[in-house]
Structure formats: structure tokens, C-alpha cells
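Q: predicted model and sequence follow; I will ask about them next.
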Amino acid sequence: LAAVRTMDEEDEILRSVDRDNKEGRAYVDSWDKRFQETCELLKQVREPGSRGAYLKDSEKQEMYRLHKEDPATYTVERLAKDFRVMRQRVHAILWLKEMEEEEERKQGKPLDDSVEILLDSCPEFFNSHDREFHV
């Protein structure tokens, strides 16, 4: 009976080691992906022009709508990745869209969006110093 118990304990130890090995292997196998993501984030910090393409106001509205409908799924991190912009920019966009919504509610009518429409239809009119369109 003692020998059987010892064998069971050894089997449990081996299963535990095997689980740990599988978890370790999965972690090591994901290094390349994490390294690439880290490199991309560092590149965004060092090179302003790599922070993502100009986002049309309609894309910002879509970002806000997705986050508002399902914030658990459409987190800031996921939106940043999906829209290829920095997290700080997503935070700013969500905050501004929320402020716009509150202001529209206060005024009882939509805000004037003629500038956004102009930039969306003719972005070449606006040429910033660093070739970026902020927020």
C-alpha cells in the first residue's frame, strides 16, 4: 500500500512538472510576438510619424461606439491595436467623444462638425509640422 501511494505521489509530481513545462513552453514560444509588439511600441515612442494613420472623424466615432457598447471587449488596448494608434490617443479620443456627447445633450442639437467633414474629405488641406493629425 505504501508503494502504491509513493507511485501515486510520483505520478502527481510528474504531471505537475509536465504542466509547468507546457506553460513554460507556451511562454517562451510567445517571446517573438511579444518582442515584435514591444518593438512596435518603442518605435511609436521614438518616431512620431509611426503612431498610426490619420483617423477620420467617422473612425473616431466608430471607436467610441464600439467602446461604449461593449467596454469589456473593446478595451483601450484592443482599440489601440485595431486602429493602429497609441493607447494615449485612444484615451483622448474616447474622452473627447464623451465630452462632445455631453455638450450635444446640453445644447439639444449636434455640434458643428464642418471642420471634421472638411478634413475627412480633403486631408491634404491640413499639413501639420510632423505629418500627424493629433487626436
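A: Nice, thanks for sending it over. This one's a predicted model, so the numbers in the text were calculated from it and none came from an experiment.

Q: next SSE after the helix or strand harbouring residue 27?
A: If you go by DSSP states H and E, residue 27 is part of helix 2-29. Heading C-terminal from helix 2-29, the first helix or strand you meet, by DSSP H and E, is helix 31-46.

Q: residue ranges with poor pLDDT in the protein?
A: Under the criterion pLDDT under 70, the flagged ranges of the chain are 44-54, 115, 118-120, 123-135.

Q: show me the domain layout of this structure.
A: The chain breaks down by automatic domain parsing into domains covering 1-46, 53-135.

Q: would CSV of those domains with mean neighbour count be doable?
A: Using the backbone N, CA and C atoms, a C-beta is placed for each residue, glycine as well. Shown next, in CSV, are the domains of the chain (neighbours: other C-beta atoms under 10 Å):
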stretch, mean neighbour count
domain 1-46, 10
domain 53-135, 13
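
Q: thinking again about what came up before, now the helix holding residue 27 and helix 31-46, what's the angle there?
A: Comparing the axes of helix 2-29 and helix 31-46 via axes from the mean of the first three to the mean of the last three C-alpha atoms, to 10 degrees yields an angle of 40 degrees.
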